[in-house]
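Q: with the sequence up front, the predicted model follows.
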Amino acid sequence: MAELLIFFEQIYRILFLLIPVLVSVAMIVWLDRRVWAFVQKRRGPNVVGPFGLFQTLADALKYIFKEIIIPASSNKVIFILAPIVTMTLALIAWAVIPFSETFVLADINVGILYLFAVSSLGVYGIIMGGWASNSKYPFLGAIRSAAQMVSYEVSIGVIIINVLLCVGSLNLSDIVLAQKDLWFVIPLFPMFIIFFISALAETNRPPFDLPEAEAELVAGYQTEYSGMMYAMFWLGEYANILLMCAMGSILFLGGWLSPIDLFPFNIIPAPIWLILKILFLFILFALIKAIVPRYRYDQLMKLGWKIFLPFSLIYVVLTASFLMYFDLLPGN
């Protein structure tokens with residue numbers, strides 16, 4: 001009986017996390033469109049529901065009732081599995097995100113490694129979709145995405161090492177608590193900028209949306225998908241964007257910690273602070289999509305391998321040297 005109660009408690013905790021994440025994905029699509037509209041001096045979604053808030057729901061209903069077409073020459077099993085893999089990986093990564101000191105689904109000691117591993121696996125769903133479609137445009141988009149995501153994961157990994165040197169722990173809650181006196185965005189500001197740009201590339205967002213560049217590849221790896229299968233790719237993409245914003249908030253912006261402890265700011269619950277920081281980073285994501293033109297593919301690779309990676313490695317050496325010289329390494 002006790003095992004059954006524990007099982008239902010875990011199911012409740014999972015749903016308590018999963019449902020808000022899915023609702024948030026729907027809402028940030030609306031926010032994304034509104035930000036683009038603001039930059040371009042137009043209204044954006046404003047008809048379906050108050051302020052157009054139900055526009056994403058209307059789009060979701062459209063995808064649910066649209067016919068799912070599977071190309072005759074495709075590998076049907078992998079073609080169907082690809083969007084499921086993409087969306088599943090995007091959602092299970094949220095298990096280790098700490099919204100407060102007490103509210104985290106899985107407070108594991110290697111949380112940052114789990115997060116990095118799951119986000120790295122996201123490329124498999126895109127490769128599966130591009131290859132299984134048996135079409136040239138999806139295949140080219142999948143190859144581009146694989147090269148792009150692998151390239152920028154390297155620099156993200158090196159950036160994370162800078163944070164781990166300052167904390168001495170792989171636990172995400174420990175990383176947040178280590179920023180009680182000083183958020184890492186201040187001493188590691190160049191790493192925060194590189195992390196943010198690398199996150200744009202990792203999630204295939206403009207100006208790095210080359211795997212789905214409509215002017216060259218129609219819709220890239222999603223070209224042959226329709227209906228709810230296309231929507232699952234779309235959900236996975238936005239869940240990954242939110243995840244990267246959450247990672248940036250936890251690694252550099254103090255996670256759930258308040259910027260100041262004075263009244264009235266300390267009455268705001270800890271999870272709200274994390275959500276506000278995630279929203280702030282997402283608005284920056286949306287602004288960049290509306291403002292910055294798309295890179296060429298050779299520029300993308302040059303930026304990752306010849307600029308970000310060497311600079312990140314040099315900064316690791318500088319961070320480690322500074323901590324050793326002033327005897328600030330954790331545990332000393």
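A: Good, I have the coordinates. Numbers count the residues shown, from 1 in each chain.

Q: for stretch 10-22, list every residue counted as buried.
A: Buried residues in stretch 10-22, counted by 16 or more other Cβ atoms under 10 Å: Ile14, Leu17, Val21. Backbone N, C-alpha and C define where each C-beta goes, glycine included.

Q: so which of those residues is the closest to Ala290?
A: Val21 (24.6 Å; Cβ to Cβ).

Q: Ile143 reaches Gly130, doesn't it?
A: Yes: under the criterion of Cβ atoms under 8 Å, Ile143 makes contact with Gly130 at 7.2 Å.

Q: between those two, point out the one with more neighbours.
A: The residue with more neighbours, out of Ile143 and Gly130, is Gly130; 29 against 16, by other Cβ atoms under 10 Å.

Q: and the strand or helix carrying that one, what does it pack onto?
A: Using DSSP states H and E, Gly130 maps to helix 111-132. On a contact count with 3 or more Cβ pairs under 8 Å, 6 or more residues apart in numbering; DSSP states H and E, helix 111-132 meets helix 76-92, helix 136-167, helix 172-177, helix 227-252.

Q: let's see that with 6 Å instead.
A: Where contact means 3 or more Cβ pairs under 6 Å, 6 or more residues apart in numbering; DSSP states H and E, helix 111-132 is packed against helix 76-92, helix 136-167.

Q: that older thread, format the buried residues of stretch 10-22 as a markdown table; extra columns: pLDDT.
A: As requested, the buried residues of stretch 10-22 are arranged in a markdown table below (pLDDT from 0 to 100):
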| residue | pLDDT |
| --- | --- |
| Ile14 | 78 |
| Leu17 | 79 |
| Val21 | 84 |
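
Q: wait, what's in contact with Leu210?
A: By Cβ atoms under 6 Å, 6 or more residues apart in numbering, Leu210 lies in contact with Arg144, Tyr297.

Q: and it, how far is that from Gln148?
A: Distance, Leu210 to Gln148, using Cβ to Cβ, to the nearest Å: 7 Å.

Q: overlap in contacts of those two?
A: In contact with both Leu210 and Gln148: no residue, using Cβ under 6 Å, 6+ apart.

Q: next, the buried residues of stretch 293-305.
A: Arg294, Tyr295, Tyr297, Leu300, Leu303, Gly304.

Q: does the first one touch Phe208 like I think?
A: No: in this structure, Arg294 is not within contact of Phe208 by Cβ atoms under 6 Å, at 7.8 Å.

Q: helix 76-92 and the helix holding Gly130, what's the angle between them?
A: With axes from the mean of the first three to the mean of the last three Cα atoms, to 10 degrees applied, the angle from helix 111-132 to helix 76-92 works out at 160 degrees.

Q: who touches helix 111-132?
A: Residues from elsewhere that reach helix 111-132, judged by Cβ under 6 Å, 6+ apart: 74-75, 78-79, 82, 85-86, 89, 93, 96, 138-139, 141-142, 145-146, 149, 153, 170-172, 221.

Q: apply 7 Å and report the result again.
A: For helix 111-132, the external contacting residues (Cβ atoms under 7 Å, 6 or more residues apart in numbering) are 74-75, 78-79, 81-83, 85-86, 89-90, 92-93, 96, 108, 138-139, 141-142, 145-146, 149-150, 153, 157, 160, 170-172, 211, 221, 225, 236, 240, 243, 247.

Q: for it, what is the distance to the chain centroid?
A: Mean-position distance between helix 111-132 and its chain equals 12 Å (Cα atoms, centre = their mean, to the nearest Å).

Q: rewinding a little: quick one: which of the helices and strands packed on helix 111-132 is nearest Lys289?
A: For the helices and strands packed on helix 111-132, proximity to Lys289 was assessed by Cβ to Cβ; helix 136-167 is nearest, at 16.3 Å.

Q: helices and strands around the closest one, which ones?
A: helix 111-132, helix 172-177, helix 189-202, helix 214-217, helix 297-302, helix 309-325 (3 or more Cβ pairs under 7 Å, 6 or more residues apart in numbering; DSSP states H and E).

Q: so which of the buried residues of stretch 10-22 sit within helices?
A: Using DSSP state H, the subset of these located in helices is Ile14, Leu17, Val21.

Q: what's the strand or helix carrying Trp36 packed up against?
A: Here Trp36, judged by DSSP H and E, is contained in helix 2-39. Using 3+ Cβ pairs under 7 Å, 6+ apart as the contact definition, the elements that helix 2-39 packs against are helix 55-65, helix 227-252, helix 270-291.

Q: and the first one, average pLDDT?
A: The reference is to helix 55-65. Mean per-residue pLDDT for helix 55-65: 86.

Q: kindly export it (C-alpha atoms) in PDB.
A: The C-alpha coordinates for helix 55-65 follow below in PDB (Å, rounded to 0.1, in the frame of the first residue of the first chain):
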ATOM      1  CA  GLN A  55      -4.800  32.000 -30.700                       C
ATOM      2  CA  THR A  56      -2.400  29.200 -29.800                       C
ATOM      3  CA  LEU A  57      -5.300  27.100 -28.600                       C
ATOM      4  CA  ALA A  58      -7.000  27.600 -32.000                       C
ATOM      5  CA  ASP A  59      -3.800  26.700 -33.800                       C
ATOM      6  CA  ALA A  60      -3.500  23.500 -31.600                       C
ATOM      7  CA  LEU A  61      -7.100  22.500 -32.500                       C
ATOM      8  CA  LYS A  62      -6.300  23.100 -36.200                       C
ATOM      9  CA  TYR A  63      -3.300  20.700 -36.000                       C
ATOM     10  CA  ILE A  64      -5.300  18.100 -34.100                       C
ATOM     11  CA  PHE A  65      -8.000  17.900 -36.800                       C
END
